[in-house]
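**Q** Sequence and predicted structure, then a few things I'm wondering about:
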Number of protein chains: 2
Amino acid sequence: MPKVAESTVRRLSLYLRFLEEFEEQGTATVSSEALASRGGTTSAQVRKDLSFFGSFGKRGLGYQVAELASRLRQILGLGGRYSVALIGAGKIGTALFEHHGFRDRGFDIVAIFDRDPAKIGSVWSGIAVSDVAELERVLTANPVDIAILVTPADAAQEIADRLVRLGIKAILNFAPVQLNVPHEIAVRTVNLVLELEALSYALTNR
Amino acid sequence: MPKVAESTVRRLSLYLRFLEEFEEQGTATVSSEALASRGGTTSAQVRKDLSFFGSFGKRGLGYQVAELASRLRQILGLGGRYSVALIGAGKIGTALFEHHGFRDRGFDIVAIFDRDPAKIGSVWSGIAVSDVAELERVLTANPVDIAILVTPADAAQEIADRLVRLGIKAILNFAPVQLNVPHEIAVRTVNLVLELEALSYALTNR
DNA sequence: GTTTGTGAAACGATTCACAGCT
DNA sequence: AGCTGTGAATCGTTTCACAAAC
């Protein structure tokens, strides 16, 4: 398990996506150049990214599409399925729950929490919405691998603390705050307003 | 307009958020150290980030909260309001439309498009959903600054091409594809599955 | 005494370029 | 001949450390 940059991991995910497209089209081998042009990077970058994990190609030939895809799945830990808790059943939480892309790629939402009494107890595609006060009870009985946090900003840190105490190892955070958690816990924050502000900067500064 | 890294711009947005919190609490001045600890970075990083745009602090004292916030808004181009087109009125598109954070920060969704006849013509908070076939007509009559693309993967590139032809300058892309657009057009892609896969990598590799 | 602003140093990531297989 | 794998060179970002300002 070499230590590689975040940016490398992101590109590996992209390469996997492209390989799956090549696979569907029936392409058997690809060059680093083909993968690169598909993903807006360079062939040297592709080869360097892969080289952190081994050598998967044949010189003069390229990479076997199916084999490289399988290796990337293994590297990214996408062999099996992950169970996921969704915390916050508002608009965005609901949209994420109904988003098929997650299930399709091995991420199963198996628990939903909210603090709104109107939502608690309702059943969504077979999953009951629990009171967020029950977080400890529910996730102790049925532990999950990943939590998706979609609460208002003011609740996010408190829930994150409780998740950490429950031993969670990975959090996908949509609350517009910088979560404070021990460094061994993986956190990715998606801050939608931040993305728009980056576009605003680009628009104003030519 | 100095050329600064993407990562710097993201941090400036974060600093602005923190400054607004300090402002609410009635704090009048902050040090680079205070901003840094709030945002998980270092004081040197904060000072370097700001130094690209000028010198806004007083040595020995720190920064005036209100003044620095105002400077950051100016740097980020957040003085006025932006008009935004939402393309794709599915689950995530709907959630984004109803997301108050955008309006609160100056981004007004003023046009909605979809290709589903069941949705076309319905009116959401005063905005009629248009047929995506009408994209050119509607956006020529009422141009927007930013497009938020929330279409299925297979439609995204075609719509992006049409947006570029319409002269759009910034796209926030939620479709899980790598958009191919001229380099002078600002694109930020939010790929939710990619974020989960990055967590998967972190989980499997310790 | 405190904290900024900033060159210089350190670090990290990307690109180059070519030897080594096929 | 073609394409990978990889050290070395380059480029960009972060951190250091300190003189200057208050």
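**A** Now that the structure is in, tell me what you want to look at. Residues are numbered from 1 along each chain as shown, chains lettered A, B, ... in the order given.
**Q** Got phi/psi on the residue lying closest to residue A:28 once chain neighbours are set aside?
**A** Nearest residue to residue A:28 in three dimensions, chain neighbours excluded: residue A:65, at 5.9 Å (Cβ to Cβ, 6 or more residues apart in numbering or on different chains). Just so you know, the C-beta spots here come from the backbone N, C-alpha and C atoms, and that holds for glycine as well. The phi/psi pair for residue A:65 (degrees, to the nearest 10) reads phi -60, psi -50.
**Q** how much space between residue A:65 and residue A:37?
**A** Distance from residue A:65 to residue A:37, counting by Cβ to Cβ, to the nearest Å: 15 Å.
**Q** Between these two, which has more neighbouring residues?
**A** More crowded of residue A:65 and residue A:37, by other Cβ atoms under 10 Å in any protein chain shown: residue A:65, with 23 against 14.
**Q** Was I right to think the more buried one contacts residue A:22?
**A** Yes: the pair residue A:65 and residue A:22 passes the contact test of Cβ atoms under 8 Å, sitting 4.9 Å apart.
**Q** Next, show the common contact partners of the two.
**A** Contact criterion Cβ atoms under 8 Å, 6 or more residues apart in numbering or on different chains; residues shared by residue A:65 and residue A:22: residue A:30.
**Q** in a strand, that's where residue A:86 is, yeah?
**A** Yes: using DSSP: H, G, I helix; E, B strand; the rest coil, the assignment for residue A:86 is a strand.
**Q** Mean confidence (pLDDT) on the strand ranked longest in chain A, please.
**A** Counting by DSSP state E, the longest strand found in chain A is strand A:107-114. Mean pLDDT, strand A:107-114: 98.
**Q** same question, stretch A:173-182
**A** The average pLDDT within stretch A:173-182 is 95.
**Q** Give me the contacts around it.
**A** A:88, A:92, A:96, A:148-153, A:155-157, A:160-161, A:164, A:171, A:187-194, B:14, B:17, B:38-40, B:101.
**Q** again, 6 Å this time
**A** Outside stretch A:173-182, the residues that touch it by Cβ atoms under 6 Å, 6 or more residues apart in numbering or on different chains are A:149-151, A:153, A:156, A:160, A:164, A:187, A:189-191, B:39-40.
**Q** Stretch A:16-23 now?
**A** For stretch A:16-23, using Cβ under 6 Å, 6+ apart, the contacting residues are A:30, A:35, A:38, A:65, A:68, A:69, A:72.
**Q** top of those residues by neighbour count?
**A** Of all the contacts of stretch A:16-23, the highest neighbour tally under other Cβ under 10 Å goes to residue A:35, namely 26 neighbours.
**Q** All the helices of chain A, in order from the start?
**A** For chain A, helices defined by DSSP state H occupy the ranges A:6-24, A:32-39, A:43-51, A:65-76, A:91-98, A:100-104, A:135-141, A:153-165, A:192-204.
**Q** now the angle from the longest strand of chain A to helix A:153-165?
**A** 120 degrees (axes from the mean of the first three to the mean of the last three Cα atoms, to 10 degrees).
**Q** so who does residue A:183 touch?
**A** So residue A:183 contacts nothing (Cβ under 6 Å, 6+ apart).
**Q** What's the separation between it and residue A:159?
**A** Here residue A:183 is placed at a distance of 19 Å from residue A:159 (Cβ to Cβ).
**Q** same question, residue A:191
**A** Distance check for residue A:191 against residue A:159: by Cβ to Cβ, it reads 17 Å.
**Q** Over to residue A:96?
**A** Distance of residue A:96 to residue A:159, computed by Cβ to Cβ: 16 Å.
**Q** cool, and residue A:131?
**A** The gap separating residue A:131 from residue A:159 is 13 Å, by Cβ to Cβ.
**Q** So for those two, which residue has more residues nearby?
**A** When neighbours are counted by other Cβ under 10 Å, residue A:159 comes out ahead of the other of residue A:131 and residue A:159, with 22 against 16.
**Q** pLDDT at residue A:1, what is it?
**A** pLDDT, residue A:1: 71.
**Q** which residues does it contact?
**A** Residue A:1 sits next to residue B:205 when contact means Cβ under 6 Å, 6+ apart.
**Q** still on that earlier bit, name every strand pairing with the longest strand of chain A and say which way it goes.
**A** Sheet pairing of strand A:107-114 (DSSP bridges) gives strand A:82-87 (parallel), strand A:127-131 (parallel).
**Q** Show me the one of these that comes nearest DNA strand C.
**A** strand A:82-87 (25.1 Å; Cβ to the nearest atom of the strand).
**Q** As a quick check, tell me the outermost residue of chain A.
**A** For chain A, the residue at maximal distance from the C-alpha centroid (Cα atoms, centre = their mean) is residue A:60, at 34.5 Å.
**Q** May I see the helices of chain A organised as TSV, with mean pLDDT added?
**A** Below are these laid out as TSV (pLDDT from 0 to 100):
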stretch	mean pLDDT
helix A:6-24	97
helix A:32-39	96
helix A:43-51	98
helix A:65-76	98
helix A:91-98	96
helix A:100-104	94
helix A:135-141	98
helix A:153-165	97
helix A:192-204	97
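**Q** What parts of chain A come near DNA strand C?
**A** Counting by Cβ under 7 Å from any atom of the strand, the residues of chain A lying close to DNA strand C are A:5-8, A:41-42, A:44-45, A:47-48, A:58-61.
**Q** The residue nearest the centre of chain A: what's it in contact with?
**A** Centroid-nearest residue in chain A, with Cα atoms, centre = their mean: residue A:172, separated by 7.0 Å. By Cβ under 6 Å, 6+ apart, the contact set of residue A:172 is A:148, A:188, B:195.
**Q** excluding its backbone neighbours, what's nearest the last one?
**A** This points to residue B:195. Nearest residue to residue B:195 in three dimensions, chain neighbours excluded: residue A:188, at 4.6 Å (Cβ to Cβ, 6+ apart).
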